[in-house]
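Colleague: Dropping the sequence and predicted coords here.
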Amino acid sequence: MKRLIVGISGSSGPLLGIRLLEALKKIGEVEVHLVMSEAVEKTLQHEAPGWSSGQVRDLAFRSYASDAIDAPIASGSFLTAGMVVMPCSMRSLAAIACGMGDNLLTRAADVTLKERRPLVLVPRETPLNLAHLRNMVSVTEMGGIILPPMLAFYQKPQSIDDLLHHCVGKALDLLKIPHELYQRWK
């Protein structure tokens, strides 16, 4: 069974992270280790009514508080298949780009990069300023992958969930986790 770290930051778009966790639970072959930033509680209230942080945590195999720097995912000796931060706030992106492991989410991302494991960041901000772009370049130069949640219409989406599933599916593709979340181009 693969181990995967999932981070959900306080950025707009917590439903992206929730749909990722739901997809991984349905796939069933991935042991998910979840860390959420402190700001997630507020974005859940505003953008995902009906979802509590406890319900989100229940979708993971194990979850950790953002200040649990002694958690297994803070160590490179804890083997994982990689990490996805979905959504990734500009604050988390900046901390990761600068190597600041000041909370468990950014520490786990730093460990993922130093161990040369796949790190997929799904930044949620628009428009982007020069600092955002430079941080994305910095993370990319370190081996991370920037996956903005771009709208894709070739799959003829019928709902917001179709658009969310496309983004989640793209992240799973990058981690080589098979799924059937969207119809592939033929």
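Modeller: Perfect, I can see it now.

Colleague: can you pull out the strands in the protein?
Modeller: Using DSSP state E, the strands of the chain run over 2-8, 30-36, 62-64, 83-88, 119-123, 145-146.

Colleague: between the ones you listed, which one is nearest to residue 16?
Modeller: Taking Cβ to Cβ as the criterion, residue 16 comes closest to strand 83-88 out of the strands of the chain, the separation being 4.8 Å. Quick note: C-beta positions are derived from backbone N, CA and C, even for glycine.

Colleague: Which other helices and strands does that closest one contact?
Modeller: strand 2-8, helix 14-27, helix 90-97, helix 104-114, strand 119-123, helix 160-174 (3 or more Cβ pairs under 8 Å, 6 or more residues apart in numbering; DSSP states H and E).

Colleague: Tell me which of these sits nearest to residue 69.
Modeller: With Cβ to Cβ as the yardstick, what comes closest out of those is helix 104-114 (6.0 Å).

Colleague: chain center to that closest one, what's the gap?
Modeller: Here helix 104-114 shows a centroid-to-chain-centroid distance of 12 Å under the convention Cα atoms, centre = their mean, to the nearest Å.

Colleague: got it, and stretch 86-104?
Modeller: For stretch 86-104, the distance to the chain centre is 11 Å (Cα atoms, centre = their mean).

Colleague: And for stretch 145-165?
Modeller: Relative to where its chain is centred, stretch 145-165 has its mean C-alpha point 15 Å off (Cα atoms, centre = their mean).

Colleague: what do you get for stretch 171-179?
Modeller: Relative to the centre of its chain, stretch 171-179 is centred 13 Å away, using Cα atoms, centre = their mean.

Colleague: Flag every buried residue along that stretch.
Modeller: For stretch 171-179, burial by neighbour count (16 or more other Cβ atoms under 10 Å) applies to 171, 172, 173, 175, 177.

Colleague: So for it, mean pLDDT?
Modeller: When pLDDT is averaged over stretch 171-179, the result is 97.

Colleague: quick one: contacts of the least confident helix or strand in the chain by mean pLDDT?
Modeller: Using mean pLDDT, DSSP states H and E, the weakest-scoring helix or strand in the chain turns out to be helix 40-47, at a mean of 92. Here helix 40-47 makes contact (Cβ atoms under 8 Å, 6 or more residues apart in numbering) with 8, 9, 10, 11, 12, 13, 14, 15, 51, 52, 53, 56.

Colleague: Return the members of the residues you listed classed as buried.
Modeller: The neighbour-count test (16+ other Cβ under 10 Å) applied to these identifies 8, 9, 10, 11, 13, 14, 15, 51, 56 as buried.
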